[in-house]
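S.K.: Structure of the sequence below:
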Amino acid sequence: MDNLGNALVQKAVVSKVLVTGAQGYLGAKIVSQLRHHGLHPILTGRRAAENIHVCDLLNKSNVHKLFNLVTPDLVIHCAAYVPERFEDYNDDETARKNLTIIENLLSVSSCPFIYISSMTVYGSGGRFPKHESEAGDPLTAYGRSKWEGEQLLKDAKIPAIAIRIPGLFGFPRMEGLVANIIKALKNAETHKLPDNPILWAAMHVDDAARSIVRLSFADMDGFIPVNVGYRNSYSITRLVELVADIYDCKIRYDVRHPDFLFDLARCESFGALPERDLRSALIEMGEKL
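M.R.: Below is the predicted model:
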């Protein structure tokens, strides 16, 4: 077990860590990280499986029964309806569901809380890099639900960290913008790229999970939002250029997408920065495609 693992065990040896969305893309990676460091999280999900407490988080009664049963000391809240396509970011119905879930959790939980938020809480304007204090002008329904969820958590006045992550890529998800661009350029194939400028950023799901686990056992004093990402300036334009450079190929793509850059000083102060950069993560992804 490494130094991080020892530190986590020392802080969490008597803690009951509840992970919502434990069967999801990010949640499953967080569970693996916790187990890697010797912890035994309590898992919730929507599908019956070994070691899963099946719970409909949209049902307040079900949530109360779950918390009465497991009485967690820490909640890592990963469960969410996540957009799969760019147009899904403005789905008001799923955004409302995400808010209902956190309302239900906060109606019964008073323990420390880790909330997986999103870079979408930021608007497109203002200065870069984006400091945590500059959120609050989201452009989409999904972004508004994440921002409103943060406000609910802040108003609950419990120790909490809202972790603002970009979009995620990596195994086993072999589709999506990043994977499709890598496959196309790696194999000298054509791929349709977005026609209109889009604000975008991404990180490898394994790196996100490692950072989230580090933050989950940080000392919490009230409500703290924390940006998590790479030290890169992001854009779809930069992504295409970076992948083309990795595979030593040329591509003509004239759409200029806006840049996005996180202020990561707070993340660094918690010792939660990813250990690699976007290029290294893309190369690993390409090796699996």
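
S.K.: what's residue 100 in contact with, if anything?
M.R.: The contact partners of residue 100, by CB atoms under 8 Å, 6 or more residues apart in numbering, come to residue 58. Just so you know, the C-beta spots here come from the backbone N, C-alpha and C atoms, and that holds for glycine as well.

S.K.: Can you list the neighbours in contact with stretch 262-278?
M.R.: Stretch 262-278 has contacts (CB under 8 Å, 6+ apart) with 119, 129-132, 164, 166, 201-204, 207-208, 210-212, 214-215, 218, 224, 226-232, 234, 242.

S.K.: got it, and stretch 171-178?
M.R.: 25, 167, 169, 179, 200, 202, 205, 236, 239, 282, 285, 288-289.

S.K.: Tell me which of these fall in strands.
M.R.: Under the assignment DSSP state E, the contacts of stretch 171-178 contribute 167, 169, 202 to strands.

S.K.: burial measure for the second one, as a count.
M.R.: What that stands for is residue 169. By the criterion of other CB atoms under 10 Å, residue 169 has 23 neighbours.

S.K.: buried ones in the strand or helix carrying residue 185?
M.R.: In this assignment (DSSP states H and E), residue 185 forms part of helix 177-186. Buried residues in helix 177-186, counted by 16 or more other CB atoms under 10 Å: 177, 178, 179, 180, 181, 182, 183, 184, 185.

S.K.: Could you do stretch 148-158 as well?
M.R.: Of the residues in stretch 148-158, 148, 149, 150, 153, 154, 156, 158 count as buried by neighbour count, 16+ other CB under 10 Å.

S.K.: Tabulate these in TSV, adding columns for secondary structure.
M.R.: Formatted as TSV, these follow (DSSP: H, G, I helix; E, B strand; the rest coil):
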residue	secondary structure
148	helix
149	helix
150	helix
153	helix
154	helix
156	helix
158	coil
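
S.K.: Now render the residues you listed as a markdown table, adding pLDDT and distance to residue 40.
M.R.: Putting the buried residues of stretch 148-158 into a markdown table (pLDDT from 0 to 100; distance: CB to CB, whole Å) gives the following:
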| residue | pLDDT | distance to residue 40 |
| --- | --- | --- |
| 148 | 96 | 33 |
| 149 | 97 | 27 |
| 150 | 97 | 29 |
| 153 | 96 | 25 |
| 154 | 96 | 30 |
| 156 | 96 | 27 |
| 158 | 95 | 23 |
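
S.K.: nearest to residue 56, of those?
M.R.: Among the buried residues of stretch 148-158, residue 149 lies closest to residue 56 (CB to CB), at 18.1 Å.

S.K.: Against residue 284, how distant is that closest one?
M.R.: From residue 149 across to residue 284, the span is 31 Å (CB to CB, to the nearest Å).

S.K.: Report the contact partners of the spatially most central residue of the chain.
M.R.: With distances taken as CA atoms, centre = their mean, the residue of the chain nearest its centroid is residue 165 (4.5 Å). Shown in contact with residue 165 (CB under 8 Å, 6+ apart): 116, 117, 118, 119, 203, 208, 212, 228, 229.

S.K.: Out of the contacts of stretch 171-178, who's the most crowded?
M.R.: residue 202 (25 neighbours).

S.K.: and of the buried residues of stretch 148-158, the nearest to residue 106?
M.R.: Distance to residue 106 across those (CB to CB) is lowest for residue 156, with 4.9 Å.

S.K.: what sits against the closest one?
M.R.: By CB under 8 Å, 6+ apart, the contact list for residue 156 reads 106, 113.

S.K.: Distance check, it against residue 202.
M.R.: In this view, residue 156 and residue 202 are 30 Å apart by CB to CB.

S.K.: mind listing the helices for the chain?
M.R.: Here the chain has its helices, by DSSP state H, at 3-12, 25-36, 60-70, 92-106, 141-156, 177-186, 205-216, 236-246, 265-269, 278-287.

S.K.: Look at residue 265 and say how many residues are nearby.
M.R.: Residue 265 sits with 12 neighbouring residues when counted by other CB under 10 Å.

S.K.: One more: residue 51?
M.R.: Residue 51 has 11 neighbours, counted by other CB under 10 Å.

S.K.: who's in contact with it?
M.R.: For residue 51, the contact set (CB under 8 Å, 6+ apart) comprises residue 43.

S.K.: now it: how far from residue 23?
M.R.: When residue 51 is compared with residue 23 (using CB to CB), they lie 11 Å apart.
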